[in-house]
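1. Let me see the structure of the following:
(chains A and B)
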Amino acid sequence: MLASTPKTSKSRNVAVTLAVVLVNAILHSSIYLFLRDTNLPSVLYALLAIIWGVLGVYSIYWSFNWAVEQYPDIWKRRIQPFIFVGPAALLLGWLLLIPTLRTLYMSLMDAGTEKFVGLSNYAAIFTNRLLLTALRNNLIWVAFGATACICLGLLIAVLADRSSFEKLAKGIIFMPMAISFVAAGVIWKFIYFYKPGDEQIGLLNAIVVAFGGEAQAFTSMLQPWNNLFLVAILIWMQTGFAMVLFSAALKGVPEDMLEAARIDGAGEIRIFRSIIIPAISGTILSVSTTIVVFTLKIFDVVMVMTGGQYDTEVVATQFYRQFFMYRNAGYGSTLAIVLLFAVIPVIIINLRQFRKQGGF
Amino acid sequence: MKRTRKKTMSKTIVNVVLAFICLIWLIPTVGLLVSSFRPAVDILQTGWWTVFPHRDYVTQSTITLPKDTDLRQPIEVNGEVFDDDQLRSGVTAQDGSRLIWENRRARTIQVQQPDWKVNTNFTLENYNGVLTGKSFEIMQADGTIKAQKGEGLSKAFLNTMVVTIPSTIIPILIATFAAYAFAWLRFPLRRSMFVAVIMMLVVPLQVALIPILKDYTALGLNGSYLGIWIAHTGFGLPLTIYFMYTFISQLPKDLFESAFMDGASNFTIFTRLILPLSVPAIASIGIFQFLWVWNDYLVSLVFIGSQPDVQVMSMRIAAMVGSKGSDWHLLTAAAFVSMLMPLTVFFALQKYFVRGLLGGSVKG
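-> Predicted coordinates:
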């Protein structure tokens, strides 16, 4: 029957599709406008917004799929996958892929994105003192923060594996991961708090004073070492992440291999070096890349603790400052691109890993 | 025999070292929690650790000197002679007690003895202050009373919920649809699209912020819930797609084939089969995304920035750090309020959280 009236069914399909698109567009934009302009009590508003956000997305999929189901089988099979991946592809394109290209383009333009300036923004970043400080500090963060997270994470994973309270210990080390950098900033600001006089209410200064030292304003004095006091926060928060992954990897090291080595008289350190490390090298690589990438993008801690003052600026905070305070889109974009270049090796590692797993 | 003893020894060392590390890890949070229940004046005068028993000078009695005592001259107290500076910082007398000014102008001196002491002054005022935003009065150290406005975090708490719940569910829904297509449907560009997803896993979101902000300004999405949902969805998608893909692609093939035989459509298979089967994976990645959005600061700062009605908690607390730098009674309580939700989720669903971490460790 379909074959006998291809023309009418085709135009009917197009009409159905257009109708579905139109109904969706009108329905959701009117809900959006209603929610934007309404003065509902906030709890009711919150509920409505949540329901719309979640059901709205589902209804879009459902209605588009319904429209496609009306098509002849051969078209259905061709189009349907795109209904499934389409929204994801559109969002990724709009929010990540195209912006990256646009940022790259803006990094070659002047502050107001009007004139092409070539690579002079990049030249400025590598000569301007403030921006150089940001780059240097990012190096400090990666060199000390990431390294400490990985080493401590491995150490704690090994210790926990042999202790009598593994679960509890892992929970405690891991807990800071759940809280925000902003809250962690408050916690640590209080620890580093300095007030003139003998009675210190900040824990670190109290300890320093108790051992006969002089109280200090840790995050503002002692440049550039004050950066390390900020790095400590990252270590406190991210070691748990490394530990959990290492711990899972350690459980995967075959027990009989370790037993055999022990019977052969190998010491624990030797076993660790020649059996455990090679066995979990894959995990070490993935944990390292994850933490390094995370550390490169560090923003919240610095913003809350010092706001970038006292030479603690990092690339991400400088990016924010350049674009949002100094309105310099050229410098801002260039700093973002510098971050992107820094993670390119990780992207390559990920792709290689994916191909090795047989991916597709 | 010898070997067992050695083993017990090393186990004890391991336990002690680990316990010590755990203690260091725990102290910062405990300090915050304890402080958030202490009255404003106490927080500023004594460290939070003084709520535990500690040796301190406890006032035994007071001595009132004659009103006309000249402070520039050596001062005689109980037969010993001190000067003003000594009495200001406290000085030890011969009988071991410590003498310190109670009120220099009224010429009263406290006689103190070292003793065990516990500061057990706790209050809920701080939480009251940050949640309701009611102003309350603080008796300050010098005796004056200062009225202080609280913060009104409850509205921010609600905002955070409205931002977080859809920003968790929407990307997972979209990602699961996409992951199903990547895993079980055949279509052109499938491979290159998935490679693009993997490449985007670690792209720093700073790279995308400025262009998106420009689009949002053009579309009027700035400072709206919809705008921030879309932003979080976009930034969360690469990881959620990757995570859901690894799970869904490992489901047994027979399952789909028999469903297809029965004439089920892709959409039916997806809603009736894939979604229910993926619940464990969805729970894992869901907790991850939930915590990520709840704790986010940068994305909200950029896309909500100017709209006080929509501000989320992390922004409010960061702003408080700037404006109320040493009002620790408010800051600690506010920080703890913001930690409440993540910590509850964390302790209730730790198993899923860990699973999510193990599967998603490629993200930056």
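2. Show me the shaky parts of the stretch 151-300 of chain A.
-> By pLDDT under 70, the low-scoring segments of the stretch 151-300 of chain A are A:197-198, A:222.
3. mind checking which helix or strand the residue in it positioned nearest to chain B is in?
-> Closest to chain B within the stretch 151-300 of chain A is residue A:293: 2.9 Å, counting by Cβ to the nearest Cβ. All C-beta atoms are positioned from the backbone trio N, CA, C, and that covers glycine. Here residue A:293, judged by DSSP states H and E, is contained in helix A:281-296.
4. Checking my notes, residue B:63 in a helix, right?
-> No: counting by DSSP: H, G, I helix; E, B strand; the rest coil, residue B:63 falls outside a helix, being strand.
5. Residue A:218 contacts residue A:207, doesn't it?
-> No: using Cβ atoms under 8 Å, residue A:218 is not in contact with residue A:207; the gap is 11.6 Å.
6. Compare those two and say which one has the larger neighbour count.
-> The residue with more neighbours, out of residue A:218 and residue A:207, is residue A:218; 22 against 12, by other Cβ atoms under 10 Å in any protein chain shown.
7. and the chain, what are its domains?
-> Picking chain A for this. Structural domains annotated on chain A: A:6-106, A:128-356, as defined by automatic domain parsing.
8. sorry, should have said chain B
-> Domain ranges of chain B: B:1-36, B:53-117, B:153-359, per automatic domain parsing.
9. list the buried ones in the first one?
-> Within domain B:1-36, the residues that qualify as buried are B:14-15, B:18, B:21-22, B:25, B:28-29, B:31-36, counting by 16 or more other Cβ atoms under 10 Å in any protein chain shown.
10. Sitting in helices, which of those residues do you find?
-> Using DSSP state H, the members of these that fall in helices are B:14-15, B:18, B:21-22, B:25, B:28-29, B:31-36.
11. Residue A:107: which of these is nearest?
-> Nearest to residue A:107 among these is residue B:28, at 38.8 Å by Cβ to Cβ.
12. Do you have the helices of the stretch 51-200 of chain A handy? List them.
-> For the stretch 51-200 of chain A, the helices defined by DSSP state H, counting those that start in this stretch cover A:73-92, A:98-106, A:120-125, A:129-140, A:147-162, A:166-174, A:181-192.
13. Say whether chain B is contacted by the third one.
-> No: applying Cβ under 8 Å from any Cβ of the partner chain, one finds helix A:120-125 separated from chain B by no less than 13.3 Å.
14. Buried residues, that helix. List them.
-> Of the residues in helix A:120-125, A:121-122, A:125 count as buried by neighbour count, 16+ other Cβ under 10 Å.
15. any weak-confidence spans in chain B?
-> B:1-6, B:133-151, B:306, B:324-326, B:359-364.
16. Could you rerun that using 50?
-> Low-confidence segments of chain B (pLDDT under 50): B:1, B:150, B:362-364.
17. in it, what residue sits furthest out from the centroid?
-> Each residue of chain B has a distance to the centre, and by Cα atoms, centre = their mean the biggest one is for residue B:79: 55.3 Å.
18. and it, what does it touch?
-> With contact set as Cβ atoms under 8 Å, 6 or more residues apart in numbering or on different chains, residue B:79 has no partners.
19. Not counting sequence-adjacent ones, nearest residue to the closest residue to chain A within the stretch 201-350 of chain B?
-> Using Cβ to the nearest Cβ, the single residue of the stretch 201-350 of chain B nearest to chain A is residue B:234, 2.9 Å away. Leaving aside its sequence neighbours, residue B:234 sits nearest to residue A:95 (Cβ to Cβ, 6 or more residues apart in numbering or on different chains; 2.9 Å).
20. Do I have it right that that neighbour meets residue B:208?
-> Yes: counting by Cβ under 8 Å, residue A:95 does reach residue B:208; the two are 6.0 Å apart.
21. Need the residues touching each of these two.
-> Shared contacts of residue A:95 and residue B:208 (Cβ under 8 Å, 6+ apart): B:234-235.
22. distance of the closest residue to residue A:76 other than its chain neighbours from residue A:62?
-> Nearest non-adjacent residue to residue A:76, counting by Cβ to Cβ, 6+ apart: residue A:68, 5.8 Å away. As judged by Cβ to Cβ, to the nearest Å, residue A:68 and residue A:62 stand 11 Å apart.
23. Show me what counts as buried in whichever helix or strand residue B:167 is part of.
-> Here residue B:167 is covered by helix B:153-184, with elements defined by DSSP H and E. Judged by neighbour count (16+ other Cβ under 10 Å), helix B:153-184 contains these buried residues: B:153, B:155-184.
24. Keep those residues, but drop any that are not near chain A.
-> Counting by Cβ under 8 Å from any Cβ, B:155, B:158-159, B:161-162, B:165-166, B:169-170, B:173-175, B:177-178, B:180-182 from the buried residues of helix B:153-184 sit close to chain A.
25. ok, back up a step: just how off-centre is the helix holding residue A:293 within its chain?
-> Distance, stretch centre to chain centre, for helix A:281-296: 12 Å (Cα atoms, centre = their mean, to the nearest Å).
26. quick revisit: neighbour-wise, which of residue A:68 and residue A:62 wins?
-> Ranked by neighbour count (other Cβ under 10 Å), residue A:68 and residue A:62 place residue A:68 first, with 23 against 13.
27. Could you list which residues are in contact with that one?
-> Listed by Cβ under 8 Å, 6+ apart, the contact set of residue A:68 reads A:75-76, A:79-80, A:83.
28. how about the residues you listed, which pair is most distant?
-> Farthest pair in these (Cβ to Cβ) is A:75 and A:83. Separation: 12.0 Å.
29. Settle it for me: which of those two has more neighbours?
-> More neighbours surround residue A:83 than the other of residue A:75 and residue A:83, with 21 against 13 (other Cβ under 10 Å).
30. Wait, the more buried one touches residue A:63, no?
-> No: assessed by Cβ under 8 Å, residue A:83 is found out of contact with residue A:63, at 10.0 Å.
31. Contacts made by stretch A:220-230 with the rest, please.
-> So stretch A:220-230 is in contact with A:136-137, A:140-141, A:144, A:188, A:192, A:216, A:218-219, A:301-302, A:305-306, A:309-312, going by Cβ under 8 Å, 6+ apart.
32. List the buried residues in that stretch.
-> Buried residues in stretch A:220-230 (16+ other Cβ under 10 Å): A:220, A:226-230.
33. Next, the distance between the ends of that stretch.
-> Taking Cα to Cα, to the nearest Å, stretch A:220-230 runs 11 Å from one end to the other.
34. Show me how far it is from its chain's centre.
-> Stretch A:220-230 sits 24 Å away from the centroid of its parent chain (Cα atoms, centre = their mean).
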